[in-house]
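>>> sequence and predicted structure below; questions after.
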Amino acid sequence: MSKTNQVLIICKKCGKHFTSAPSNFREFCSKDCWYESRKVYKNCEICEKPFQVITGKALHCCSNKCKAIRQKNNPDFAKHLEQYSGYWKGKKRGTQSKETIRKRSDSFKKRYEQGYINPLLGKTPWNKGIKTPEEVRLKLIESHKGQVAWNKLNRTQEEIRAIKREYRRANPAKFKAYYHNKRLLRKDLKGSTIQLVYEDNIKKYGTLTCYLCLNPIIFGKDQLEHKIPVSRGGSNDYDNLGVSCKRCNNKKGAKTVDEYLAVRE
């Protein structure tokens with residue numbers, strides 16, 4: 001992406017200025033800042049000593065020693081230990097006889113030979129028990145003889161690039177349509193407009209949020225979305241742009257916002 005489409009952002013943790021693409025908008029300059037922002041201090045329930053925890057983790061004690069004391073003081077945990085300690089002592093986990101296991105195995109083999117069971121799932125396969133005729137099976141083996149799977153060819157990067165170039169030459173119409181649609185999408189789209197859309201979204205919801213499902217978006221899972229699709233005459237103006245998650249954007253497709261919300265409800 002060109003530098004004109006980069007957005008200037010201030011890191012929420014260290015205050016450092018950094019640039020980021022609008023499609024990969026984030027609030028922190030590095031993983032370290034993001035990780036540090038999630039750390040909070042909490043008092044241990046036993047010794048009342050403050051210790052660091054990550055937001056969202058249900059930790060109550062600062063060490064394993066305090067954790068053991070907390071478990072001993074908990075009457076429910078003591079009851080649980082009394083109930084299950086030594087449960088498997090002197091017991092056999094397999095209670096079926098060898099005769100029963102042999103019968104089940106023979107039954108499974110018989111139904112598999114008849115073509116009624118998928119050996120991996122134990123269910124009726126997609127072909128509903130209809131076996132492939134022997135002639136067709138031999139014909140398939142003959143036609144695939146000498147072929148090697150694409151991931152076992154040990155091709156170099158240059159060979160892969162050459163194959164891609166050949167495919168592009170053989171299918172010019174596909175690539176022409178792809179680049180035409182890409183140009184339409186970026187026509188009249190300015191970096192300042194994209195930055196304003198993202199900033200207003202954060203001001204409105206407090207954090208980067210999908211305007212369709214109103215759920216917070218994980219960094220890197222956000223997309224710039226056209227309320228009226230470009231394929232239906234939508235523009236790249238500020239009023240027609242919004243930030244959505246990948247899931248909602250893919251589901252919405254070429255629908256307008258009203259059409260999508262009506263279908264979702």
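Perfect, thanks for sending it. Numbers count the residues shown, from 1 in each chain.

>>> neighbours of residue 43, how many?
12 (other CB atoms under 10 Å). Just so you know, the C-beta spots here come from the backbone N, C-alpha and C atoms, and that holds for glycine as well.

>>> same check, this time on residue 241
Residues lying near residue 241 (other CB under 10 Å) number 23.

>>> list the contacts of residue 237.
Shown in contact with residue 237 (CB atoms under 8 Å, 6 or more residues apart in numbering): residue 193.

>>> angles on the backbone of residue 8, please.
Backbone geometry at residue 8, expressed as degrees, to the nearest 10, gives phi -90, psi 130.

>>> where along this protein do the helices fall?
Applying DSSP state H to the chain gives helices spanning 31-37, 64-73, 75-84, 98-113, 134-143, 157-170, 172-186, 191-205, 246-252, 257-264.

>>> for residue 54, which of the ones you listed is the nearest?
Nearest to residue 54 among the helices of the chain is helix 31-37 (8.0 Å), distances taken as CB to CB.

>>> got the buried residues for that closest one?
Judged by neighbour count (16 or more other CB atoms under 10 Å), helix 31-37 contains these buried residues: 33, 34.

>>> in CSV: the helices of the chain, plus distance to residue 47 and mean pLDDT.
What follows is those, written out as CSV (distance: least, CB to CB, whole Å; pLDDT from 0 to 100):
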stretch, distance to residue 47, mean pLDDT
helix 31-37, 25, 77
helix 64-73, 6, 79
helix 75-84, 19, 64
helix 98-113, 54, 74
helix 134-143, 70, 83
helix 157-170, 58, 89
helix 172-186, 59, 76
helix 191-205, 40, 88
helix 246-252, 45, 89
helix 257-264, 51, 86
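
>>> I'd like the ones you listed as JSON lines, with distance to residue 212 appended.
Shown next, in JSON lines, are the helices of the chain (distance: least, CB to CB, whole Å):
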{"stretch": "helix 31-37", "distance to residue 212": "25"}
{"stretch": "helix 64-73", "distance to residue 212": "43"}
{"stretch": "helix 75-84", "distance to residue 212": "43"}
{"stretch": "helix 98-113", "distance to residue 212": "48"}
{"stretch": "helix 134-143", "distance to residue 212": "47"}
{"stretch": "helix 157-170", "distance to residue 212": "35"}
{"stretch": "helix 172-186", "distance to residue 212": "19"}
{"stretch": "helix 191-205", "distance to residue 212": "12"}
{"stretch": "helix 246-252", "distance to residue 212": "4"}
{"stretch": "helix 257-264", "distance to residue 212": "7"}
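
>>> so which of those helices is nearest residue 211?
Using CB to CB, those put helix 191-205 closest to residue 211, at 7.0 Å.

>>> of the helices of the chain, which is nearest residue 220?
Nearest of the helices of the chain to residue 220, taken as CB to CB: helix 246-252 at 9.4 Å.

>>> can I get that closest one in CSV, CA atoms only?
Presented in CSV, the C-alpha positions along helix 246-252 are these (Å, rounded to 0.1, in the frame of the first residue of the first chain):
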residue,chain,number,x,y,z
LYS,A,246,-14.6,-9.4,8.3
ARG,A,247,-17.5,-11.7,9.2
CYS,A,248,-20.2,-9.0,8.7
ASN,A,249,-18.5,-7.6,5.6
ASN,A,250,-18.4,-11.0,4.0
LYS,A,251,-22.0,-11.8,4.9
LYS,A,252,-23.3,-8.3,3.8
